[in-house]
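Asks: Sequence unavailable; structure follows:
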């Protein structure tokens, strides 16, 4: 048995659920009685048949509604590995840090291309960090205080998973000076990120080796999974950039979150309209069962 979870950014009605059942039937699936997780917000639609065809039939069927299709068994996950920039927080830290150096547009253009998979991630990171050489170290604290905002739903997602015995790991191609604080603010068990080198109270223009890249992310997922003795289907990964693709594809449920086109195309599930609480609904948990997000 598979399950399609329909999650609305605003509201979803019974007519939308009925249309989804009809779409599944037209795709050759056999839907059974739907059930609300939270009425008007999220619903489960169990079915038998071809999950790939079902996803294709349901995605985009209703405006502002995200759809996650997966096996019904094992939908509650025990490990989450997540990206940070533009996933757990609303910004790209390196772009905002560059703003304090007066070169945001230049840096952001490279970041966008790297996240789209058009540039080698390691080379793009080194080039951007080199441009920040000489920026006062206290700009990091200013940037964190003035620019970093937690993504809506992040605290509820992480705290609910931990309350239910799950392990949560933040793995970022960004920097420890942001990731360590973000992980603590949200409630992650562990954070992994790149270390910015400093010299004489300023950025040295280099990053400690080896860097955290796409391979680091997937390796972390697999190592954490094996250390916990989990099956692949008990894992969840979420990210938005091309460097998240390997971990997304290695997870039992890999989710592209408001993602770049290449990442969205590679993922088995996408969140385009909703916030991160969609991943709680995807695991079958109504709002009444979420941990407090503050």
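Replies: Right, received. Where do you want to start? The shown structure was predicted, so the numbers you read here are calculated from the model rather than taken from an experiment.

Asks: switch to C-alpha atoms for all contacts and neighbour counts from now on
Replies: Noted.

Asks: Name the residues of the longest helix seen in the chain that are buried.
Replies: Taking DSSP state H as the criterion, the chain has its longest helix at helix 214-228. By 16 or more other C-alpha atoms under 10 Å, the buried positions in helix 214-228 come out as 214, 216-218, 220-222, 224-225.

Asks: Mind putting the residues you listed into TSV with distance to residue 92 and pLDDT?
Replies: Formatted as TSV, those follow (distance: C-alpha to C-alpha, whole Å; pLDDT from 0 to 100):
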residue	distance to residue 92	pLDDT
214	17	96
216	19	97
217	17	98
218	21	98
220	21	98
221	22	98
222	26	98
224	26	98
225	28	98
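
Asks: From the chain's centroid, how far away is stretch 30-43?
Replies: Mean C-alpha position of stretch 30-43 versus that of the full chain (C-alpha atoms, centre = their mean, to the nearest Å) differs by 24 Å.

Asks: continuing past the longest strand along the chain, what's the next helix or strand?
Replies: Longest strand in the chain by number of residues, with DSSP state E as the criterion: strand 167-175. Going down the chain from strand 167-175, the next helix or strand is helix 176-186, by DSSP states H and E.

Asks: quick one: contacts of that next one?
Replies: If you take C-alpha atoms under 8 Å, 6 or more residues apart in numbering as the criterion, helix 176-186 is touched by 84, 89, 93, 140, 144, 150, 154-155, 158-159, 170, 172, 189-196.

Asks: again, only using 6 Å
Replies: 155, 193-195 (C-alpha atoms under 6 Å, 6 or more residues apart in numbering).

Asks: Flag every buried residue along that helix.
Replies: Counting neighbours by 16+ other C-alpha under 10 Å, the buried set in helix 176-186 is 176, 178-180, 182-183, 186.

Asks: Tell me which of the contacts of helix 176-186 fall in strands.
Replies: Secondary structure defined by DSSP E assigns 193-194 of these to strands.

Asks: Turn the contacts of helix 176-186 into a markdown table, columns for neighbour count.
Replies: Supplementary listing: the contacts of helix 176-186 in a markdown table, determined by neighbours: other C-alpha atoms under 10 Å:
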| residue | neighbour count |
| --- | --- |
| 155 | 23 |
| 193 | 23 |
| 194 | 21 |
| 195 | 18 |
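
Asks: Might you list the low-confidence residue ranges for this protein?
Replies: Low-confidence segments of the chain, defined by pLDDT under 70: 293-294.

Asks: how near is the residue of it positioned farthest from its centre to residue 137?
Replies: The C-alpha centroid of the chain is most remote from residue 200, which lies 35.8 Å away (C-alpha atoms, centre = their mean). Counting by C-alpha to C-alpha, to the nearest Å, the separation of residue 200 from residue 137 is 9 Å.

Asks: ok, now residue 35?
Replies: Distance from residue 35 to residue 137, counting by C-alpha to C-alpha: 53 Å.

Asks: With residue 32 instead?
Replies: Residue 32 is 58 Å from residue 137, by C-alpha to C-alpha.
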